[in-house]
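Undergrad: Here is a sequence together with a model predicted from it:
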Amino acid sequence: MTTKRIVITGIGATSPIGGTATESWANLLAGASGARRLEQPWVEELSIPITFAAQAAVPAVDILTRQETKRLDPSSQFALIAAREAWADAGTPDVDPERLLVDWATGIGGVWTLIDAWDTLREKGPRRVLPMTVPMLMPNGPAAAVGMDLGARGGERTVVSACASSTESIANAYDHLQAGLADIVVAGGSEAAIHPLPIASFAAMQALSKRNDDPAAASRPYDVDRDGFVLGEGAAALVVETLEHAQARGARIYAELVGGAVTSDAYHITAPDPEGSAAARAMRAAVETSGASLEEVSHINAHATSTPVGDIAEYNALRRVFGDRLDGIPVTATKASTGHLLGGAGAIEALFVVKTLHERMIPPTINLDNPDPEIPLDVVTSPRELGEGDHIAISNSFGFGGHNAVAAFRTFSD
């Protein structure tokens, strides 16, 4: 079977550092942090031990209609915002609905809807539970919302694989298009889990940073003083299509998606395999699927959550793949700015890789004051030019359950 060229023609986002893809990218380059103190009364009422997170810079209620916010869980609200921006950015393609497919991801789904409905049931009785509760809480709610809004009849697929979810959706988009299942795929992910229960749970497992006194500096990948991740929220979307289809409609092309791969550790429910063998296999496969060479990889957007164990495990996997050549590959860890969007993390990071290749500018990793000597990487700490020529970049995502997903992109040329 002939390998088709797959390209990115639209991007959209709502993140802790910007209400759009453009704003998020500009603030990322400026070294902004989306982490800030939580002002909700439940923080004090429930004695939540972590008092900060990376909330969306622009609340969904400021963008969507009142009816949309009432009928959609926040995870679906963010999805709709990002997908609409990406679709408009792609030029609102005129495509056969049966050739338009949505592959969307979430790590948790409608946690706000689920727990609010449970509270309503206990406090006010079953008659007060909203009839839209199940459609709002189901993990495929965001995919359905995007699919209905765009009129996609080629499929509305949902990936739920923790923090690897939306990178897996992007890898799926590549496969869908190669298989001829669609002409365009809208791929992405969203999460809205800044809720007392997930925060309490992540805190109990010692996964979150405890820097309540300095939220902006809390996420610090590769730093010797890193102590956990910062919980984030938001969504990002990519419009992905075959080169033939994009050129036929005169679309602007950001970058090429050259491959994606998914593997699993089968090691531990929350901890990554410290040897990184399965993660390494995903990186190799994502690049080599399209016939590209690992020698061509010249940038890495790392998963890099800022946890003591996770950052080292990913480094071990990277060293397995690239050997001594890793020392000369610029690495960036954008969760330092955005926090960790869980199921939406891979999508926003893939968007950043696409912008990196299109603008030939590598965004910085903030808060790296004391680099960990056990992780000797070329970490980009101020915006750095990517340089001319052909470049391949990979975006890594790893999730609870041992899920590994990697997407590979290339600078576009005719």
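TA: Here it is on my side, so go on.

Undergrad: all contacts plus neighbour counts: C-alpha atoms, from now on.
TA: Noted.

Undergrad: Grab the nearest non-local neighbour of residue 167.
TA: residue 346 (4.7 Å; CA to CA, 6 or more residues apart in numbering).

Undergrad: and that neighbour, what does it touch?
TA: 163-167, 189, 395-397 (CA atoms under 8 Å, 6 or more residues apart in numbering).

Undergrad: Name the member of those with the most neighbours.
TA: Counting neighbours by other CA atoms under 10 Å, residue 189 leads the contacts of residue 346 with 40 neighbours.

Undergrad: does it have beta-bridge partners, and which?
TA: residue 105, residue 236 (DSSP bridges).

Undergrad: In the helix or strand hosting residue 244, which residues are buried?
TA: Here residue 244 is covered by helix 243-248, with elements defined by DSSP states H and E. For helix 243-248, burial by neighbour count (16 or more other CA atoms under 10 Å) applies to 243, 246.

Undergrad: The residue nearest to residue 167: what secondary structure?
TA: Secondary structure assignment for residue 346 (DSSP: H, G, I helix; E, B strand; the rest coil): helix.

Undergrad: Among the contacts of residue 346, which one lies nearest to residue 320?
TA: Residue 320 has its nearest neighbour among those in residue 396, at 14.4 Å by CA to CA.

Undergrad: for the helix or strand containing that closest one, packing partners?
TA: Here residue 396 sits within strand 392-399, counting by DSSP H and E. Judged by 3 or more CA pairs under 8 Å, 6 or more residues apart in numbering; DSSP states H and E, the packing partners of strand 392-399 are helix 165-178, helix 277-288, strand 297-301, helix 345-359, strand 403-411.

Undergrad: Out of those, the one nearest residue 230 is which?
TA: helix 345-359 (11.9 Å).

Undergrad: show me the contacts for the closest residue to residue 85 other than its chain neighbours.
TA: Counting by CA to CA, 6+ apart, residue 85 lies nearest to residue 12, which is 4.7 Å off, once chain neighbours are set aside. With contact set as CA under 8 Å, 6+ apart, residue 12 has these partners: 20-21, 81-87, 89, 236-238.

Undergrad: Just the buried subset of these, written out for ChimeraX, thanks.
TA: Under the burial definition 16+ other CA under 10 Å, those of the contacts of residue 12 that qualify are selected in ChimeraX by:
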select :20,21,81,82,83,84,85,86,87,89,236,237,238
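
Undergrad: taking the contacts of residue 12 one by one, which sit in helices?
TA: Cross-referencing the contacts of residue 12 against helices under DSSP state H gives 21, 81-87, 89.

Undergrad: Turn those into JSON lines, columns for pLDDT and distance to residue 256.
TA: Converted to JSON lines, the ones in helices among the contacts of residue 12 look like this (pLDDT from 0 to 100; distance: CA to CA, whole Å):
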{"residue": "21", "pLDDT": "98", "distance to residue 256": "18"}
{"residue": "81", "pLDDT": "98", "distance to residue 256": "24"}
{"residue": "82", "pLDDT": "98", "distance to residue 256": "20"}
{"residue": "83", "pLDDT": "98", "distance to residue 256": "19"}
{"residue": "84", "pLDDT": "98", "distance to residue 256": "21"}
{"residue": "85", "pLDDT": "98", "distance to residue 256": "20"}
{"residue": "86", "pLDDT": "98", "distance to residue 256": "16"}
{"residue": "87", "pLDDT": "98", "distance to residue 256": "17"}
{"residue": "89", "pLDDT": "98", "distance to residue 256": "16"}
